[in-house]
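> show me the folded form of this:
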Amino acid sequence: MKRARIRAAGKEVVSFDLFDTLLVRRIHDPDLVKLPVARYIAALAEQQGVVIGWREVQKLRDEIEQRHRLEAGAEYPDHEACYPRYMSELLGQIFADDQTESLLQKVTGYELAIEKSMLVVRSELADWIKELAASGKRLFVISDMYLPATHLEELLRPTGLLDSIEAVVSSADSFLAKASGAAYPHIAGKYGIESDQWLHIGDNPHSDGLRAAEAGIEALIIADPGEQQRKSIVCRLFKYSDGKPYWRGRVLQQLMSPLEAENVPRSHLYTEGYNFIGPLIGVFVQRIAELCQKKKIGKIFFLSREGWTFKRYWEQAMPLLYPAGGLPEIEYLYVSRMALAGAACAYQGLTKTNAAIAFLPSGNRDFTDVCRIFSLDSSRFRPYLERYSLAEDTCLGHIHKGYRQENRKNFERMLEDEEFQEEVKRQSKDANRAMLRYFEELGMFEHSDVAIVDIGWLGSIQRFLFEAISHREDAPNCHGFLFGATRGVVYKTSEKNTITGILYDKDTFDFSASMILYARDIFEEACRAPYPTLNGYRLAGEGYELVFRQTDDAIGRAERRQDAYFAPLQQGIYDSAARFAAASALLGYGFDDYKPWFNSLLVGKLAFPKTKEILSLKHQYHQDDFNGKNIPDPASIDKFIPLWERPVWQLRFLPFLRLRCFWKHLKDRIIQ
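Sure thing, here's the model as predicted:
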């Protein structure tokens, strides 16, 4: 840069090569950008009943482009091609002629979007260009490229440099390239430039150096060993990925890496969101898209507070991953276990399974906890409790002091009492009606098949949701897709109601993926929406009202503090979405390709983390809306303390702690 400033001082005109000079490519081979475009064209063809694979599309493109280059070489000194011309011919051969123009706009838009996602402006050159423009220099960008100048301007637009540049010149417009040297006199004549007043800067010793010098132009060649090394690493990882699946995730991560001005110091939380949790969510939503297309699902409902983040990630990633569309509609659904639990009782009453779920959290002890969870008034059940020798505060949770098995059996007998169940249904009817009005407004019952997307873990939210709508004849088939499915309670599935764990599912033994169980709260807190928990649904005239928990109490204040703490983590997740989509679209890989890589990530990050990673990622406060405030009997609690709940001194000084926790986890998974 110092030498460039000295040489430019005495010149009126400074020109820059575009690719690998002003703009740096994230990829080692620029032709890789063509592959997602071929997949896009093949997808468009499939929508119109034209059977052609993407490899055949790419082969046809190469043949047409090569022929155009040969034809240009017969008339001009350079074998150049012009993208709109040969792409129009390609589309004309695949589709009907009357569609060529509209399809060309779509395909061009997508190709430029992929190109832009793989380009980064050199920050030092960008700053210098603005300085040169301010000093009155005439600035040009010159490229030997099949894209015409109008397209190159679109690639430059995000850099904010177009106002500083007099013209962008492409060999695709004139078929005169720098490679033969013909571009330089052509540009000099067109723009009235004196060769001795012209400095050209580029990276190619032949076209940017020798040919410019032959035209009497002073040339400066950029040498960047660091950039060459980075590209060699990308190249090596890409070649490894061809035969070894682990490297497919590794090359994805490499292509997502920030470059130039993007690469600024970030907090540890932001880095974890960008490099760890973000890509995991990426493969999660990408897999959901694959399954939705396969199952012909009409609409996706993202549930609860974590679904907010999943939906936002989906919206940023899918345009590049699925440019041809064909994906379901999406909707965010305000739900929670607490809100749905009561509504689920309106027609079926309180089932034994649902009552058992209420006692899974260690803080739930008696019938008042059951009523709190299912939004019931416990005082109205006193006659039925007395009928079965129970009281509101009779201990029903087996890990609490005072528990007697006889009382639990009496409670289960009460659940079989028709009068008791009628009271449950009566109290739950209004909540169910309000919920149905909300669901109807969002189009839940307009589709035969819908996807229910949640973080996990038992599938309780979908269980309650399906039970709350299953009485309707127009209830859709619910396909549940969970980030992780632990299946701690047997989930009764049918053709109309299924759940599948995407990253982890207990029903398909995957030990590496089960590392999610080490720290489930991390994923919940990282994906939490910026609003309080939904407590229920309430009728409001002819409509409904969503009832959220208050935010001005101690719990609400603690949640706000935690939201502020995890804000950098969430920002890292959101920032990773577009980069993940671009890299994955370019590579053409899917969930199965990335699985070995993210399994190794889970083992390293969750089973064998550094102490500082645990301290920064561990939640400060975690609300479980199901859990009560009762303290269980210490004698009934498992004495083993999970790794992520250990005190700092143990994390730092206990020998083999992580290995012992790992073996304990392995043993538990085998037993289960």
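> switch to C-alpha atoms for all contacts and neighbour counts from now on
Fine.
> nearest residue to the middle of this protein?
Ranked by distance to the mean C-alpha position of the chain (C-alpha atoms, centre = their mean), the top residue is Gly282 at 3.2 Å.
> can you tell me how far that residue sits from Tyr313?
Gly282 sits at a distance of 7 Å from Tyr313 (criterion: C-alpha to C-alpha, to the nearest Å).
> quickly list what's touching both of the two.
Counting by C-alpha atoms under 8 Å, 6 or more residues apart in numbering, the contacts common to Gly282 and Tyr313 are Ala577.
> re the thing from before, which residues touch the residue nearest to the centre of the chain?
Tyr313, Ala317, Ala577, Phe580, Ala581.
> buried residues in the longest helix anywhere in the chain, which are they?
Counting by DSSP state H, the longest helix found in the chain is helix 554-587. Using 16 or more other C-alpha atoms under 10 Å as the test for burial, helix 554-587 gives 556, 558-560, 562-563, 565-587.
> what's the answer for stretch 364-377, then?
Buried-residue list, stretch 364-377, by 16+ other C-alpha under 10 Å: 364-376.
> can you get me a residue count around Ala339?
28 (other C-alpha atoms under 10 Å).
> next SSE downstream of the helix or strand harbouring it?
Assigned by DSSP states H and E, Ala339 falls within helix 337-343. Counting by DSSP H and E, the element after helix 337-343 in chain order, helix or strand, is helix 345-348.
> Leu156 touches Leu162, doesn't it?
Yes. Between Leu156 and Leu162 there is a contact under C-alpha atoms under 8 Å: 6.8 Å.
> of these two, who's got more company?
Between Leu156 and Leu162, counted using other C-alpha under 10 Å, Leu156 has the larger neighbour count: 20 against 16.
> which of the buried residues of stretch 364-377 sits closest to Tyr544?
Comparing the buried residues of stretch 364-377 against Tyr544 with C-alpha to C-alpha places Ser375 closest, at 16.8 Å.
> burial count for the spatially closest residue to that closest one that is not a sequence neighbour?
Counting by C-alpha to C-alpha, 6 or more residues apart in numbering, Ser375 lies nearest to Gly342, which is 5.3 Å off, once chain neighbours are set aside. The local packing of Gly342 (other C-alpha under 10 Å) involves 29 other residues.
> ok, Gly342 - contacts?
With the criterion set at C-alpha under 8 Å, 6+ apart, Gly342 makes contact with Ile373, Phe374, Ser375, Leu376, Ser428, Ala431, Asn432.
> and with 10 Å instead?
Each residue near Gly342 by C-alpha atoms under 10 Å, 6 or more residues apart in numbering is listed here: 349-350, 371-376, 424-425, 427-432, 464, 468, 536-537.
> what average pLDDT does the longest helix of the chain get?
Here helix 554-587 scores 91 as its mean pLDDT.
> and it, what does it pack against?
Here helix 554-587 touches helix 34-47, helix 100-117, helix 246-256, helix 268-272, helix 278-295, helix 304-321, helix 520-526, helix 611-617, going by 3 or more C-alpha pairs under 10 Å, 6 or more residues apart in numbering; DSSP states H and E.
> in the fifth one, what counts as buried?
Meaning helix 278-295. Neighbour counts over helix 278-295 (16+ other C-alpha under 10 Å) mark 278-289, 292 as buried.
> switch the residues you listed over to JSON lines; also include distance to Pro30 and pLDDT.
Output for those, formatted as JSON lines (distance: C-alpha to C-alpha, whole Å; pLDDT from 0 to 100):
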{"residue": "Gly278", "distance to Pro30": "26", "pLDDT": "97"}
{"residue": "Pro279", "distance to Pro30": "24", "pLDDT": "97"}
{"residue": "Leu280", "distance to Pro30": "27", "pLDDT": "97"}
{"residue": "Ile281", "distance to Pro30": "28", "pLDDT": "97"}
{"residue": "Gly282", "distance to Pro30": "24", "pLDDT": "98"}
{"residue": "Val283", "distance to Pro30": "25", "pLDDT": "97"}
{"residue": "Phe284", "distance to Pro30": "28", "pLDDT": "98"}
{"residue": "Val285", "distance to Pro30": "27", "pLDDT": "98"}
{"residue": "Gln286", "distance to Pro30": "25", "pLDDT": "98"}
{"residue": "Arg287", "distance to Pro30": "27", "pLDDT": "98"}
{"residue": "Ile288", "distance to Pro30": "30", "pLDDT": "98"}
{"residue": "Ala289", "distance to Pro30": "27", "pLDDT": "97"}
{"residue": "Cys292", "distance to Pro30": "32", "pLDDT": "97"}
